[in-house]
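> Give me coordinates for this.
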Amino acid sequence: MRVGIDLGSRTIKVAAMCNGQLVDHQLAESGFDPYGQSMAMIKKYEAEKIVATGYGRHLAQEHFAQEVITEIKAHAIGARHFFPDCRTVIDIGGQDSKVISLDEQGRVANFQMNDKCAAGTSRFLEIMAATLGFRLDEFGPAALESQNEANINSMCTVFAESEVISMKNRGIPRKDIARAVHLSVVNRLVIMLSRVGFGRKIVFSGGVARNPCIVHMLHEWLGEAKVESSPAPDLIGAIGAAIHAGKC
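Residues are numbered from 1 along each chain as shown. Down below sits the predicted model:
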């Protein structure tokens, strides 16, 4: 059995694979003790090899992982596992967002990362949902119901939140503001995609891939390009790490 663990800024994901097949997986909040949480998650496995990725990968290497790989490589491997012909990967994590371009063999050819600001990340969406009084799982569907144009211009989470509060105070409906928040995230992704270049099949990984409004807006922006996601987009990085563990 080979195990991949993705120690993200918000959640920890574990994927256990045997003979190329996913046999078990786990997902939990990172909490205040990511090391303790990781150890509790992996102790049930008799792993031949553990490969770690994510923000906490070096912590894992100090204590239990035999090897680490970058999130870029892990998501590239995981995406190609589910979609062998994909050439572009979008990943929105807790504290960053990434667009990865792959060559024909699935190797990383180029990438763009927004890791200097929380805007455009899942944390940004959480903050904005709370500001507008939505649960995170209802935020995307609510934004989809709006047909009205509203814009958030700030590129900073703090200032964007101030814009949202100002829009609320002007009486703009919550759903319209929610749509504006989602559009600001998609606008950032489109800029990153245009810099990297993208193929006709794009794989969306990370928990935000479950947000129907983000997916819908991406389809609108990208025209003929097809945006797809695995049944478990949160696990793509961990699965990529587990696959890498099986190759070496």
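> Tell me which helix or strand in the protein has the weakest average pLDDT.
In the chain, no helix or strand scores lower on mean pLDDT, DSSP states H and E than helix 157-169, which sits at a mean of 88.
> How about residues contacting that helix?
For helix 157-169, contacts defined as C-beta atoms under 8 Å, 6 or more residues apart in numbering pick out 117-119, 123-124, 127-128, 131-132, 150, 152-154, 174, 177, 180-181, 184. C-beta coordinates here come from the backbone N, C-alpha and C atoms, glycine included.
> Now the buried members of those.
Listed as buried from these are 117-119, 123-124, 127-128, 131-132, 150, 152, 174, 177, 180-181, 184; burial here means 16 or more other C-beta atoms under 10 Å.
> all strands of this structure, in order?
Using DSSP state E, the strands of the chain run over 2-7, 11-18, 21-29, 49-53, 67-68, 88-92, 97-102, 108-114, 201-205, 226-228.
> Distance check, residue 232 against residue 210.
Residue 232 sits 10 Å away from residue 210, going by C-beta to C-beta, to the nearest Å.
> Pick out whichever of those two has more residues nearby.
Legend: neighbour count by other C-beta atoms under 10 Å for residue 232 and residue 210, higher for residue 232 (20 against 16).
> Hmm, that one is touching residue 25, no?
Yes. Applying C-beta atoms under 8 Å as the test, residue 232 and residue 25 come out as touching, 7.0 Å apart.
> any weak-confidence spans in this structure?
By pLDDT under 70, the weakly predicted segments of the chain are 115-118, 155, 248.
> tell me the domain ranges of it?
Domain assignment for the chain by automatic domain parsing gives 1-83+232-248, 85-229.
> angle of the longest helix anywhere in the chain against strand 108-114?
Ranked by residue count and defined by DSSP state H, the top helix of the chain is helix 174-196. Comparing the axes of helix 174-196 and strand 108-114 via axes from the mean of the first three to the mean of the last three C-alpha atoms, to 10 degrees yields an angle of 140 degrees.
> What is helix 174-196 packed up against?
Packing contacts for helix 174-196, counted by 3 or more C-beta pairs under 8 Å, 6 or more residues apart in numbering; DSSP states H and E, involve strand 88-92, strand 97-102, strand 108-114, helix 122-131, helix 136-144, helix 157-169, helix 212-222.
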